[in-house]
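Asker: quick one, structure for this:
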Amino acid sequence: MTASVGGAGRPTSPALRHRPLCAEDLLAAGPLQRIGQRVLCFETLDSTNTFLLQRAEELCDGTVAVAEQQTAGRGRLGRRWHAPRGAAILMSVLLREPAGSRLAAWAGLLAAEAAAEAIAASTDCVPTIRWPNDLLLGGRKVGGVLVETCALGGGRRGVVLGIGINCLQQRGHFPAELRDKATSLELESRHPIDRAAVAAVLVRWLDLWVMRVGRQEGGRELGAAWRARCEDIGRRVRLEQDGRAYSGTALDIDEHGDLIVQLDEGGRRHFAAATTTRSW
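Answerer: Okay, here's the model as predicted:
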């Protein structure tokens, strides 16, 4: 495991587009308000989320960890995250929050919305969000979010926002069972993808939303932005919770980011992201 903060610069050839990301890439527009107080860039790491969770007590608020390759990358519910070296953005951010933090409750929606806005702002791709944490292009998954927390001293909690975005993969890079379900910005865009530029915009949008949600009306602003981008609202969904399958129409999200569904069997039910799986 080797950390690096190598030189800045934008890719000038296809080969250089796979060069390792560095701190200067992520903070290309200058210092941010909260995110990026420290940036750690690694060639190989088991998991950027695990790295920050294990060191949350000693690392400062706003620390960013980025890896070119993860040997134990994961998504929700322990699912493995596949990404060849240098092809994706594999990033996690540590926030040190008080107990009962409103930001902690909205962290998953915040990260998904920031990632979607970053893709739309830095490429010609316009992603949608699939509850609770998938980013889609043309019905295929291009990215995802994993939020995890840990206890800190003084009654505070470490909130880790993990984000993965497929940038440069070609169809053959995906396992056979995922080729019809996964995609990358490179596959969907009409133009070459600058991975460093996407990463820089992502950090900036994360910082903007973290600061917004800290304000009185920030949660309402985030909810409105997320709903406008979510493809599930008003559509039928199939979910599984506690070993039981449910189907119905997604109506909205509540103040915790849980999905509210009008069930086919009657009645409404709130589904928490942490305990719910869904089929494609």
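Asker: can you map out the helices along the chain?
Answerer: Assigned by DSSP state H, the chain shows helices spanning 23-26, 48-54, 102-105, 107-122, 185-188, 195-213, 218-229.
Asker: most tightly packed of these?
Answerer: Of these, the one with the most neighbours on average (mean count of other C-beta atoms under 10 Å) is helix 107-122, at a mean of 24. Placement of C-beta: from N, CA and C, glycine included.
Asker: how about the CA coordinates for that helix, as CSV?
Answerer: The C-alpha coordinates for helix 107-122 follow below in CSV (Å, rounded to 0.1, in the frame of the first residue of the first chain):
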residue,chain,number,x,y,z
ALA,A,107,-25.4,10.7,3.4
GLY,A,108,-26.4,8.1,0.8
LEU,A,109,-28.7,10.4,-1.1
LEU,A,110,-26.1,13.2,-0.9
ALA,A,111,-23.3,11.1,-2.3
ALA,A,112,-25.5,9.7,-5.1
GLU,A,113,-26.8,13.2,-6.1
ALA,A,114,-23.3,14.7,-6.0
ALA,A,115,-21.9,11.9,-8.2
ALA,A,116,-24.8,12.2,-10.7
GLU,A,117,-24.2,16.0,-10.9
ALA,A,118,-20.5,15.5,-11.4
ILE,A,119,-21.0,13.2,-14.3
ALA,A,120,-23.5,15.5,-15.9
ALA,A,121,-21.2,18.5,-15.5
SER,A,122,-18.0,16.9,-16.7
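Asker: now that helix against helix 195-213, angle please.
Answerer: 130 degrees (axes from the mean of the first three to the mean of the last three C-alpha atoms, to 10 degrees).
Asker: and helix 107-122, what does it pack against?
Answerer: With contacts taken as 3 or more C-beta pairs under 8 Å, 6 or more residues apart in numbering; DSSP states H and E, helix 107-122 sits against strand 128-130, strand 134-137, strand 140-151, strand 156-166, helix 195-213, helix 218-229.
Asker: redo these as TSV? Include distance to residue 186.
Answerer: Shown next, in TSV, are the helices and strands packed on helix 107-122 (distance: least, C-beta to C-beta, whole Å):
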stretch	distance to residue 186
strand 128-130	19
strand 134-137	11
strand 140-151	10
strand 156-166	8
helix 195-213	9
helix 218-229	22
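Asker: how about the ones you listed in a markdown table, adding mean pLDDT and distance to residue 104?
Answerer: Shown next, in a markdown table, are these (pLDDT from 0 to 100; distance: least, C-beta to C-beta, whole Å):
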| stretch | mean pLDDT | distance to residue 104 |
| --- | --- | --- |
| strand 128-130 | 96 | 19 |
| strand 134-137 | 97 | 21 |
| strand 140-151 | 95 | 7 |
| strand 156-166 | 97 | 5 |
| helix 195-213 | 97 | 10 |
| helix 218-229 | 92 | 12 |
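Asker: now the helices of the chain as CSV including distance to residue 171?
Answerer: Formatted as CSV, the helices of the chain follow (distance: least, C-beta to C-beta, whole Å):
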stretch, distance to residue 171
helix 23-26, 27
helix 48-54, 25
helix 102-105, 37
helix 107-122, 19
helix 185-188, 7
helix 195-213, 18
helix 218-229, 26
